[in-house]
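Student: sharing a model that was predicted from the sequence below.
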Amino acid sequence: MKKNLFSLLLIFSVLAMPAYSQNAVIQAIQKKFNSLTDLTASYQQYTGKNMTASGTFSYKKSDKVRLSFGNNLIISDGKTNWNRDKKQNKVIITKADTKSISLLSVNRIVNILPGDCNLTDAGAGKVKMTPKKGKQLGFRSVEITKGADDLISSIVIEDNAKTVMKITFSGYRLNTGIPDSDFTFTPSGDIKAVDLR
């Protein structure tokens with residue numbers, strides 16, 4: 001009887017281990033991310049195997065994001081997005097989309113999605129999130145890889161059309177005191193503003 005009970009406990013503990021380690025990855029990322037006031041990193045974005053953008057990513061609590069790449073600048077204060085095209089000398093203004101999954105929603109990816117998803121082990125320091133049954137989240141899966149410092153080293157998003165986008169981060173600078181003014185944009189001079197709010 002004791003042998004059977006021990007065997008049963010061993011089986012349950014082995015089955016429970018992957019779930020704990022998956023949660024440990026998310027918990028480590030959340031703990032580090034939520035301890036920061038702001039961060040800046042270099043990033044590269046790939047669609048399939050093709051690099052589609054590279055530049056600088058900045059984030060400030062909460063939901064303030066700034067992306068700079070090529071002739072483009074995308075800024076969000078969490079309520080409004082400004083998409084500045086320097087080459088065309090215009091800015092498109094839209095409401096922030098609180099449901100999409102992109103670089104503009106890194107806080108949602110880290111803190112909200114894990115509760116709406118099933119978590120599976122995807123290798124050392126990796127967790128794959130797939131929407132729970134009945135959840136329409138706009139993607140098939142999101143895989144996050146953490147570095148040794150518990151910061152995100154990559155995010156891989158597979159959308160419902162099976163298109164895969166990968167974003168890698170490097171060269172983090174933490175808690176540098178980025179001013180709030182870096183996360184708003186006021187068109188001036190001859191910049192053409194297209195307001196779609």
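Tutor: That came through fine.
Student: distance check, the closest residue to residue 57 other than its chain neighbours against residue 133.
Tutor: Take residue 57 and drop its neighbours on the chain: the residue closest to it by C-beta to C-beta, 6 or more residues apart in numbering is residue 43, 4.4 Å away. Placement of C-beta: from N, CA and C, glycine included. Distance from residue 43 to residue 133, counting by C-beta to C-beta, to the nearest Å: 32 Å.
Student: residues contacting the residue nearest to residue 57?
Tutor: Neighbouring residues of residue 43 by C-beta atoms under 8 Å, 6 or more residues apart in numbering: 53, 54, 55, 56, 57, 67, 103, 167, 168, 169, 170.
Student: return the distance of whichever strand or helix holds the first one from the chain's centre.
Tutor: Secondary structure assignment for residue 53, by DSSP states H and E: strand 50-60. A distance of 12 Å separates the centroid of the chain from that of strand 50-60, by C-alpha atoms, centre = their mean, to the nearest Å.
Student: what is the orientation angle of the helix or strand just after it with strand 50-60?
Tutor: Using DSSP H and E, the helix or strand that follows strand 50-60 towards the C-terminus is strand 64-69. Going by axes from the mean of the first three to the mean of the last three C-alpha atoms, to 10 degrees, strand 64-69 is angled at 150 degrees with respect to strand 50-60.
Student: partner strands of strand 64-69, with direction?
Tutor: Applying DSSP bridges to the sheet, strand 64-69 is found paired with strand 50-60 (antiparallel), strand 72-76 (antiparallel).
Student: only C-alpha atoms, please: export it in CSV.
Tutor: What follows is strand 64-69, C-alpha atoms only, in CSV (Å, rounded to 0.1, in the frame of the first residue of the first chain):
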residue,chain,number,x,y,z
LYS,A,64,4.0,53.9,-22.9
VAL,A,65,6.0,52.7,-25.9
ARG,A,66,8.3,54.3,-28.4
LEU,A,67,9.6,52.6,-31.5
SER,A,68,12.2,54.2,-33.8
PHE,A,69,13.2,52.4,-37.0
